[in-house]
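*Asks:* Return a 3D structure for these sequence lines:
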Amino acid sequence: MPRTKRSLRRCSGNVIFQKGDSMLEFLQELDGNILLFIQEYLRQPWMDGFWKTITHLGDAGMFWIVTAIVLLIWKRTRKAGLSASLALIIGALITNVALKNLMARIRPYEVVAGLTRIIEQQHDFSFPSGHTCASFAAAFALYRTLPRKWGIACLVLAALISFSRLYVGVHYPSDVLGGGVVGIFAGWAGTALANLISAASSQQPPQNP
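*Replies:* Below is the predicted model of the structure:
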């Protein structure tokens with residue numbers, strides 16, 4: 001009887017693993033089919049230049065890094081610049097240092113049959129999207145610290161950069177989704193940390209000359 005119970009547990013475990021594998025295969029296929037749909041029905045030669053430009057705005061997070069540096073110059077926007085800077089650092093550590101190397105997901109244009117990229121080959125892993133993470137990290141931090149109209153503009157640009165990664169064929173939709181989640185968390189964490197730093201600095205007594 002005990003042997004039979006162990007056998008049943010082993011069989012049920014195998015069923016769970018098989019269901020898990022089937023779900024992963026389904027999600028992988030769905031990811032690929034979405035990219036093929038974008039390539040077939042949304043990608044147009046007259047739009048390629050626009051989306052290439054948008055996607056290159058997010059290269060190495062440079063647009064957001066420059067924006068954060070500029071905001072650090074003026075006192076009234078310094079907190080926003082600090083929040084965005086911290087958010088970018090947190091997002092990069094989670095995404096580029098940890099998750100990309102941990103997940104080691106191959107780029108979709110190397111896996112999905114019929115999918116072609118329209119920008120240069122990427123030299124790191126696919127999940128999560130670093131462009132998306134950096135964009136939403138900075139944009140969410142700026143949304144929380146700048147006037148509403150500028151914060152919304154930043155979020156719109158972050159969304160455009162994120163979609164551009166699908167349009168040019170270098171990321172799966174789940175890469176972009178994962179990057180967005182990490183980015184929003186990093187934006188929240190960066191803003192919270194900036195608030196702590198600002199509060200601590202404001203409580204320090206002035207130094208005697």
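*Asks:* what are the phi and psi values for R107?
*Replies:* phi -60, psi 150 (degrees, to the nearest 10).
*Asks:* list the contacts for it?
*Replies:* 122, 125-126, 170-171 (C-beta atoms under 8 Å, 6 or more residues apart in numbering). For the C-beta atoms, the positions are set from N, CA and C on the backbone; glycine is no exception.
*Asks:* go with 7 Å
*Replies:* Residues near R107 by C-beta atoms under 7 Å, 6 or more residues apart in numbering: 122, 126, 170.
*Asks:* for those, which one is nearest G183?
*Replies:* S126 (15.8 Å; C-beta to C-beta).
*Asks:* So which residues of this protein form helices?
*Replies:* Here the chain has its helices, by DSSP state H, at 2-37, 45-57, 62-73, 75-92, 100-103, 130-145, 148-167, 173-203.
*Asks:* which one of those is the most hemmed in?
*Replies:* Each of the helices of the chain was scored by mean neighbour count; the highest is helix 130-145, a mean of 30, by mean count of other C-beta atoms under 10 Å.
*Asks:* And it, how far out from the chain middle?
*Replies:* Centroid separation for helix 130-145 versus its chain: 9 Å, with C-alpha atoms, centre = their mean, to the nearest Å.
*Asks:* Name the surrounding residues that touch that helix.
*Replies:* 55, 58, 61, 64, 67-68, 79-80, 83-84, 87-88, 90-91, 95-96, 150-151, 154-155, 157-158, 161-162, 165, 176, 179-180, 182-184, 186-188, 190-191.
*Asks:* Including distance to L146, could the contacts of R107 go into a markdown table?
*Replies:* Converted to a markdown table, those look like this (distance: C-beta to C-beta, whole Å):
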| residue | distance to L146 |
| --- | --- |
| Q122 | 31 |
| S126 | 31 |
| V170 | 30 |
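*Asks:* Which pLDDT value goes with S198?
*Replies:* According to the prediction, S198 has pLDDT 88.
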